[in-house]
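Chemist: sequence? don't have it. structure:
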């Protein structure tokens, strides 16, 4: 069993930055690709970013490309999401998730992830 705990959310103004953290325990976290997803009120969950288990590749949604950066520190069992130039449309609950299978590529699809954190709220005011 794996547990994921997100942190770092908060209330910021447009143009500000935040760094989200996803801390893992209970499994060999560094063998699994990890994704960040978000869900705004009244909307479906959407993909934000993903990182390969070895950190050799990353994927981003078009809406965050150039503003967000995903990274990982396998020694700390932690994945980060650096969010710069935040916009009001980035307001959502952000979730991290670990891929279902070890040594898999970074996926953009929620169905490929089986362990999810509880989420952290990010609110961006205009």
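Modeler: Thanks, I have it. As the structure is a prediction and not an experimental result, all values here were calculated from the model.
Chemist: which residue is nearest the centroid of the chain?
Modeler: Closest to where the C-alpha atoms of the chain average out (CA atoms, centre = their mean) is residue 36, at 2.3 Å.
Chemist: so who does that one touch?
Modeler: 20, 22, 48-50, 70, 79, 81, 94-97 (CB atoms under 8 Å, 6 or more residues apart in numbering). Where C-beta positions appear, they are placed from N, C-alpha and C, glycine not excepted.
Chemist: how does it look with 6 Å?
Modeler: Residue 36 makes contact with 48-49, 81, 96, according to CB atoms under 6 Å, 6 or more residues apart in numbering.
Chemist: pLDDT wise, what is it at?
Modeler: pLDDT recorded at residue 36 is 98.
Chemist: ok, back up a step: highest neighbour count among the contacts of residue 36?
Modeler: Most neighbours among these, by other CB atoms under 10 Å: residue 96, with 31 neighbours.
Chemist: That one should be in a helix, yeah?
Modeler: No - applying DSSP: H, G, I helix; E, B strand; the rest coil, one finds residue 96 to be strand, outside a helix.
Chemist: now it, which residues is it bridged with?
Modeler: residue 36 (DSSP bridges).
Chemist: Contacts only, for it.
Modeler: Residue 96 touches 4, 6, 22, 36, 117, counting by CB under 6 Å, 6+ apart.
Chemist: can you put those in CSV and add distance to residue 107?
Modeler: Output for those, formatted as CSV (distance: CB to CB, whole Å):
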residue, distance to residue 107
4, 16
6, 19
22, 16
36, 12
117, 17
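Chemist: which one of the residues you listed sits closest to residue 43?
Modeler: residue 36 (15.7 Å; CB to CB).
Chemist: and that closest one, how far is that from residue 126?
Modeler: Per CB to CB, to the nearest Å, residue 36 is found 23 Å from residue 126.
Chemist: Show me which parts of stretch 45-52 are buried, residue by residue.
Modeler: 47-52 (16 or more other CB atoms under 10 Å).
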